[in-house]
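*Asks:* Quick check, what structure comes out for this input:
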Amino acid sequence: MAKKFLLFIFLLLSLTTFAQRKQKGNPAPSSQSSANDRSGNPDAEKNVKPKSPKAPIDLYRVITLERDTTYIDTSLSIQKEYIYNYLRRDSFGLLAFANEGQTYQTLQFGLNDFSPFPEFGFKAKHFNFLEANQIKYYSVATPLTELYFKTVMEQGQSLDAFIAVNTSERLNFSIAYKGLRSLGKYVNQLSSTGNFRFTTSYHTSSKRYAVNMHITSQDMSNGENGGITNPEDFEGKDQDFRDRARLNVYFQDATSLLDGNRYFVDHHFRFNKEEGENNLYIDHQFNYENKFFEYTQTNLTSLIPSEPLDIVVQRFGDSYTSGNIRDKTRYNRMYNKLGATYENKTLGQFQFFVEDFRYNHYYNSILIFDDKPTIPSSIGDRINTVGGQYRYQKGNWNGKALYSNSISDQEMSNLDLTATYTLNEDNLFSFQYQNISKLPDHIYNLYQSSYKAYNWVNDFNNEKINNFEVKAETQWASASLQLTTLNNKLYFSDNSTAQDTLLVSPKQYGNTINYLSLKISKEIRVGKFALDNTILYQKVDQDSPILNVPELVTRNTLYFSDHFFKKAMFLQTGITFNYFTKYFANDYNPLIGEFYVQDKKEIGEFPMFDFFINAKIRQTRIYLKAEHFNSSLTGNDFYSAPSYPYRDFMVRFGLVWNFFQ
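*Replies:* Sure, this is the predicted structure:
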């Protein structure tokens with residue numbers, strides 16, 4: 001990753017230099033300037049050079065894969081405070097682990113996306129892994145640079161930088177790198193991650209042909225300590241354990257690594273030369289991705305301090321080797337989507353498409369047993385689907401209807417209906433309905449490990465998902481209602497009976513799970529003060545505790561905003577309160593990079609207060625935050641997962657800086 005970072009810096013400097021050279025040309029000097037030059041006045045050119053007009057902000061566009069367009073926003077708002085984090089998005093409904101760059105506890109089930117295709121698995125490691133639909137493309141009038149910096153828990157920093165350049169009105173390049181290194185407060189908790197992105201977008205002058213392409217190279221490396229072994233040391237009042245490095249953990253030398261590369265192309269061609277009332281397009285999307293997940297551990301035993309004698313255990317049970325475990329799961333996939341689209345400016349767009357999805361999930365060995373099924377070295381398949389899509393966008397309405405179904409041996413289908421009605425700029429209403437028959441993620445069907453209990457081969461049924469969402473964003477408040485029905489849900493749970501042993505395996509729940517959530521957001525303003533509120537209510541109906549979420553999650557921010565120094569600086573300061581009710585939260589298993597269901601320990605009902613001071617000076621936003629400043633006042637009962645404490649009080653700062661060259 002160091003080589004990738006050096007390459008990124010080199011390209012960033014090269015593009016910046018190129019952009020600056022392009023802008024150095026000045027208008028021919030007037031007769032007045034020529035006379036002043038001959039007089040020897042060194043400031044003559046500066047005094048007479050006309051100022052270049054600044055490009056309006058709507059010429060700095062950010063475009064998604066679905067071609068939704070927004071503009072670069074350098075304002076400072078409470079939403080900017082919420083997205084100033086490692087993920088660079090609003091993390092409401094997620095609970096971070098103690099160190100930056102680790103995984104997150106999912107408090108809001110509605111944050112999950114549903115796709116009918118099988119996925120790699122190891123979901124706990126993918127929160128910061130940028131998927132193809134999360135990559136942004138740009139169109140900018142002049143070179144644009146953004147720098148993000150934030151301090152971390154200990155010994156490191158978090159950085160994110162990109163530059164976007166249009167070499168012409170129709171051709172854009174952008175290059176970006178997000179890197180993190182944080183040692184953390186606990187033993188064996190080092191996070192080291194990197195996300196490299198390169199994008200390009202192009203369209204012809206008549207927009208007959210348009211293409212978006214990107215390349216990503218991403219890695220997430222974490223020290224995996226397996227959680228604390230003695231919660232009473234953390235929860236007690238012994239001041240020695242205020243130094244979190246004194247708390248005993250299960251693993252001193254275990255690490256995990258998720259690494260992946262992607263090559264992506266999305267383009268279309270219009271058959272008619274000029275765009276008219278009726279248009280015919282051919283569309284193609286290509287996505288090739290390879291990943292691997294690796295878990296390493298030198299010493300397999302864990303020493304747990306106890307009276308009268310310390311306890312020695314193997315957390316993941318018996319193994320085939322006495323040490324130096326190196327479990328590695330490899331995966332690659334290739335996706336092609338070919339479609340033909342007929343567009344009528346009045347009726348909308350009608351598309352017919354075929355999809356070809358190929359994957360290989362594999363290891364280097366076959367495991368043969370006398371008393372249980374042989375574990376193959378790989379699973380792979382080819383999935384072909386046909387489908388149709390209709391898009392309508394006119395006036396206040398915007399909608400999409402998509403249906404696809406497998407024509408190969410696998411049973412798989414996807415129905416996705418969405419509609420949005422914009423009453424005016426302050427009031428918007430939308431709904432979505434999904435009916436999906438999803439193939440199981442690969443980790444459920446095949447996994448190999450040096451630990452004996454962590455080897456399996458399965459043939460699970462498809463998960464059946466019905467999901468309905470309604471959203472309203474109005475001038476009075478924002479609200480969303482979600483109703484989800486799950487059948488054949490796949491999950492992980494612990495099979496062990498011995499204390500301090502963790503034997504997790506995949507299972508499928510045969511009954512129905514019904515999930516309901518209602519989220520309401522409302523900001524109340526009085527003069528220069530504001531109170532921003534977001535409240536989430538969730539309810540689950542199920543015969544067994546498989547899908548576990550807190551019933552109530554809330555975030556409330558009281559803040560003050562005003563301009564200072566003749567409006568040269570805009571200041572925002574306030575307090576944010578986060579809270580969720582107690583529930584049997586899923587715990588984290590680092591060996592498989594997944595969360596598993598447990599019913600032994602509840603977490604929650606601890607308040608989290610953050611104090612922040614943010615300022616904006618020109619295009620720079622400066623952030624200062626005292627995180628969880630009440631941690632020493634409300635007791636040490638705060639956890640992100642049953643085995644993993646949440647963060648203590650700390651002060652962090654950083655900035656986001658935009659350059660318009």
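*Asks:* ok, longest strand in this structure?
*Replies:* In the chain, with assignment by DSSP state E, the single longest strand is strand 504-526.
*Asks:* Centre of the chain to that strand, how far?
*Replies:* Computed by C-alpha atoms, centre = their mean, to the nearest Å, the chain-centroid distance of strand 504-526 equals 18 Å.
*Asks:* residue ranges of the strands in the stretch 251-400 of the chain, please?
*Replies:* Taking DSSP state E, counting those that start in this stretch, the strands of the stretch 251-400 of the chain run over residues 255-270, 278-297, 302-304, 311-313, 325-344, 348-362, 378-394, 397-406.
*Asks:* Show me what secondary structure element comes after the longest strand of the chain.
*Replies:* Scanning forward in sequence from strand 504-526 by DSSP states H and E, the next helix or strand is strand 529-541.
*Asks:* Next, the angle from that next one to strand 504-526.
*Replies:* Strand 529-541 runs at 150 degrees relative to strand 504-526, counting by axes from the mean of the first three to the mean of the last three C-alpha atoms, to 10 degrees.
*Asks:* Give the buried residues for strand 529-541.
*Replies:* Under the neighbour-count criterion of 16 or more other C-beta atoms under 10 Å, strand 529-541 has 530, 532-534, 536, 538, 540 buried. Any C-beta I mention is one placed from the backbone N, CA and C, and that applies to glycine too.
*Asks:* Show me what that strand packs onto, helices and strands only.
*Replies:* Helices and strands touching strand 529-541, by 3 or more C-beta pairs under 8 Å, 6 or more residues apart in numbering; DSSP states H and E, are strand 504-526, strand 552-564.
*Asks:* mind putting these in CSV, mean pLDDT and distance to A98 included?
*Replies:* Putting the helices and strands packed on strand 529-541 into CSV (pLDDT from 0 to 100; distance: least, C-beta to C-beta, whole Å) gives the following:
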stretch, mean pLDDT, distance to A98
strand 504-526, 97, 22
strand 552-564, 97, 20
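*Asks:* Quick check: which of these is nearest to T145?
*Replies:* Counting by C-beta to C-beta, T145 lies closest to strand 552-564 out of the helices and strands packed on strand 529-541; the figure is 25.7 Å.
*Asks:* neighbouring contacts of the closest one?
*Replies:* Outside of strand 552-564, the residues within contact range by C-beta atoms under 8 Å, 6 or more residues apart in numbering are 78, 81, 92-93, 107-108, 528-538, 569-581, 612.
*Asks:* Contact partners for M569?
*Replies:* M569 neighbours (C-beta under 8 Å, 6+ apart): 563, 615-617.
*Asks:* Which residue ranges of the stretch 551-661 of the chain form strands?
*Replies:* For the stretch 551-661 of the chain, the strands defined by DSSP E, counting those that start in this stretch occupy 552-564, 569-580, 587-589, 594-596, 608-617, 620-627, 639-641, 644-645, 650-660.
*Asks:* So in that sheet, which strands flank the second one, and in what orientation?
*Replies:* So the one you mean is strand 569-580. Using DSSP bridges, strand 569-580 pairs in its sheet with strand 552-564 (antiparallel), strand 608-617 (antiparallel).
*Asks:* quick one on the thing from earlier: of the contacts of M569, which is the nearest to S302?
*Replies:* Using C-beta to C-beta, those come closest to S302 at A615, 46.8 Å.
*Asks:* for the closest one, what are its contacts?
*Replies:* For A615, the contact set (C-beta under 8 Å, 6+ apart) comprises 76, 569-572, 621-622.
*Asks:* Same check on N511?
*Replies:* N511 touches 487, 542-544, counting by C-beta under 8 Å, 6+ apart.
*Asks:* With pLDDT added, can I get the residues you listed in JSON lines?
*Replies:* As requested, the contacts of N511 are exported to JSON lines (pLDDT from 0 to 100):
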{"residue": "N487", "pLDDT": "97"}
{"residue": "Q542", "pLDDT": "96"}
{"residue": "D543", "pLDDT": "94"}
{"residue": "S544", "pLDDT": "94"}
